[in-house]
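Participant: Okay, sequence plus prediction incoming.
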Amino acid sequence: MNSIITFLIQFNQSLLVKIQELLSVIDQLAPAKPAYDIKSPKYKAFSVDKPPIVRQFEKLDHKALMREHLRLFGKPVKPIKRRSGTPVNPALKCPYCGAPHEYLYDNTGGRGQLLCKVCSNRFASGGAPVPALILQCPYCGNTLTKQRERKSFIVHRCASYRCSFYKHSISSLSQADRIEYQQHPERFKLHYIYREFVTDFFAMDLSSMPGKNVNFKFRKFSPHILGLCLTYVVNLGLSTRMASRALFDIHGVKISHAMVARYVHSASAIVATYVNDYDYNPTNYLAADETYVKVKGVNHYVWFVMDAIKKSILGHAVSSERTLEPCMVAMRRAFCHFKEFPGYALKFVSDGYPIYNLAQQQFAMKNMSFHLTQVLGLTNEDPVTTEYRWLKQNIERLNRTFKFSYRVTNGYGSFDGADSHVAVFVAYYNFLRPHSYTYWKPLNTIPELESLPNMPAKWQKLIELSQLHLISRQSNIA
């Protein structure tokens, strides 16, 4: 009997592998949906176009090209006979093949562009070096030009007016949009655009520990007071001032709200690594979303990636800007829990924010391609939204649960405070909070916590397990 069950399990696993391979083949063969398939062209500035064609530059030898020309056509490549009064600088050479100035045309009548007669490449007369990688438009093959530089990325643009992307964009404009485009062309995105990020998102540290921590030697208070502080602040959603008042009124413990905040901050630094390294054994259904919080009255953002089936929070990040970097941190933390990345078998659901499309491109460059489904709006107006709405509702319910513990704080006083509170909230949500989904038990059961009588004791034990995990991790690194 056991041998039959073992055989069936192995057979099912082999079928899952074959299904994943077939999904990958289908995705490659299926025609890609154009990135410009949007109803209103005004919203195309928020869309993400497909990646460009990357061609690696290999410098040519003009002498070899001239010998090949002589072999094919039976006559050599003759130097240029100049008839205009704009001679080419004798010090210039073709950056593509090294041809001397005798073979270089002044292609624009002194306006800065040269044409090599040997290799037929165009380049600027300033003699700028050719980049090692050349980006080409995936629709027309034209080389992309650098349009502008931002803080963390470079914007490349296809300037060709014969590009199919541009022609499609022009033809999809209504008569009213055409009139507006003539008056305000900056409001429309009609050319293909690619954002090249200069940050290495896969070199960022996911487990750095914040500073300003206090040790847990407890000269004045005891570990039980630490557990009470975390219970009041995290479990019951009280602010640090209200927790300080509750400890004095209920337990007769006189402790300042600043000390309560330090306890929460230090506990978050210890527990965060244990939470991020825990083996959640996630499913292939993930949901992501971001919500805003106030830090000294300024909007900051909290990013969550959760297992939509098992409800556990797999990745999180806090940021001052709604950019790609914190999104990548949260997604990398979530994907690290897969023993083997599921590829196209992964169903990743988010809202319509284009940052997730950019993140999908970044992971695809590291051979971590997956399906991204974006659920738009609040009503089901298409089959995709109808099918995946429940995944989006799960992450929205998580946001409401988080906001319950955040609202009483009236905003955070510092970025470190926001980061610390989110870290201990994730630990509480994954390991201590009872859920109806698991019949009012924690989502992830830890045997050492089940026998403890109350929540302060469970917080102490969770911190102890996290400390042991940190020691073990540090010894392995050493």
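Facilitator: Everything's here; your move.
Participant: which residue packs closest to residue 226, ignoring adjacent ones?
Facilitator: residue 263 (5.4 Å; CB to CB, 6 or more residues apart in numbering). All C-beta spots, glycine's among them, are computed from the backbone N, C-alpha and C.
Participant: Relative to residue 424, how far out is the one you found?
Facilitator: Computed as CB to CB, to the nearest Å, the residue 263 to residue 424 distance reads 10 Å.
Participant: any residues in contact with both of those two?
Facilitator: Common neighbours of residue 263 and residue 424 (criterion: CB atoms under 8 Å, 6 or more residues apart in numbering): residue 230.
Participant: Angles on the backbone of the residue positioned nearest the centre of the chain, please.
Facilitator: In the chain, the residue lying closest to the centroid (CA atoms, centre = their mean) is residue 328, at 2.8 Å. With angles defined as degrees, to the nearest 10, residue 328 sits at phi -70, psi -40.
Participant: neighbours of residue 228, just the number please.
Facilitator: 25 (other CB atoms under 10 Å).
Participant: quick one, what contacts residue 331?
Facilitator: 288, 305, 315, 359, 363.
Participant: okay, now the residue lying closest to residue 275 once chain neighbours are set aside: neighbour count?
Facilitator: Distances taken as CB to CB, 6+ apart put residue 427 closest to residue 275, at 5.0 Å, once the chain neighbours are dropped. Using other CB under 10 Å, residue 427 is surrounded by 26 other residues.
Participant: got the buried residues for whichever helix or strand residue 427 is part of?
Facilitator: Element membership for residue 427 (DSSP states H and E) is helix 415-431. Across helix 415-431, burial judged by 16 or more other CB atoms under 10 Å covers 415-431.
Participant: Kindly report the same for stretch 278-287.
Facilitator: 278, 280, 282, 284, 285, 286, 287.
Participant: Same check on stretch 258-276?
Facilitator: Buried-residue list, stretch 258-276, by 16+ other CB under 10 Å: 259-276.
Participant: Where does the prediction get shaky in the stretch 51-200 of the chain?
Facilitator: Counting by pLDDT under 70, the stretch 51-200 of the chain shows low-confidence ranges at 84-86, 127-132.
Participant: Kindly recompute the last result at 90.
Facilitator: 51-63, 65-66, 68-138, 140-157, 159-162, 164-200 (pLDDT under 90).
Participant: residue boundaries of the helices in it?
Facilitator: Assigned by DSSP state H, counting those that start in this stretch, the helices in the stretch 51-200 of the chain fall at 62-73, 164-171, 175-183.
Participant: Centre of the chain to the second one, how far?
Facilitator: Per CA atoms, centre = their mean, to the nearest Å, the displacement of helix 164-171 from the mean C-alpha position of its chain is 29 Å.
Participant: what angle separates it from helix 175-183?
Facilitator: 110 degrees (axes from the mean of the first three to the mean of the last three CA atoms, to 10 degrees).
Participant: What of the longest one?
Facilitator: Orientation of helix 62-73 against helix 175-183 (the same axes, to 10 degrees) gives an angle of 130 degrees.
Participant: Tell me the gap between helix 62-73 and the middle of its chain.
Facilitator: 48 Å.
Participant: Can I get it in CSV, CA atoms only?
Facilitator: Extracted in CSV, the C-alpha atoms of helix 62-73 (Å, rounded to 0.1, in the frame of the first residue of the first chain):
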residue,chain,number,x,y,z
HIS,A,62,37.6,48.4,-41.7
LYS,A,63,40.4,46.6,-43.5
ALA,A,64,38.6,43.3,-43.4
LEU,A,65,35.4,45.0,-44.6
MET,A,66,37.3,46.6,-47.5
ARG,A,67,38.8,43.2,-48.5
GLU,A,68,35.4,41.6,-48.4
HIS,A,69,34.0,44.4,-50.6
LEU,A,70,36.8,43.9,-53.1
ARG,A,71,36.1,40.2,-53.2
LEU,A,72,32.4,40.6,-53.7
PHE,A,73,32.3,43.5,-56.2
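Participant: Residue 146 and residue 134, how far apart?
Facilitator: Per CB to CB, residue 146 is found 12 Å from residue 134.
Participant: about what we covered before: of the contacts of residue 331, which belong to strands?
Facilitator: 288, 305, 315 (DSSP state E).
Participant: Kindly reformat those residues as TSV containing neighbour count.
Facilitator: Supplementary listing: the ones in strands among the contacts of residue 331 in TSV, determined by neighbours: other CB atoms under 10 Å:
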residue	neighbour count
288	27
305	27
315	24
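Participant: From the residues you listed, pick the one nearest residue 246.
Facilitator: Of all these, residue 246 sits closest to residue 315, with 32.3 Å by CB to CB.
Participant: per-residue pLDDT, residue 49?
Facilitator: With respect to pLDDT, residue 49 scores 80.
Participant: My guess is it contacts residue 191. True?
Facilitator: No - at 9.7 Å, residue 49 and residue 191 do not qualify as touching, with contact defined as CB atoms under 8 Å.
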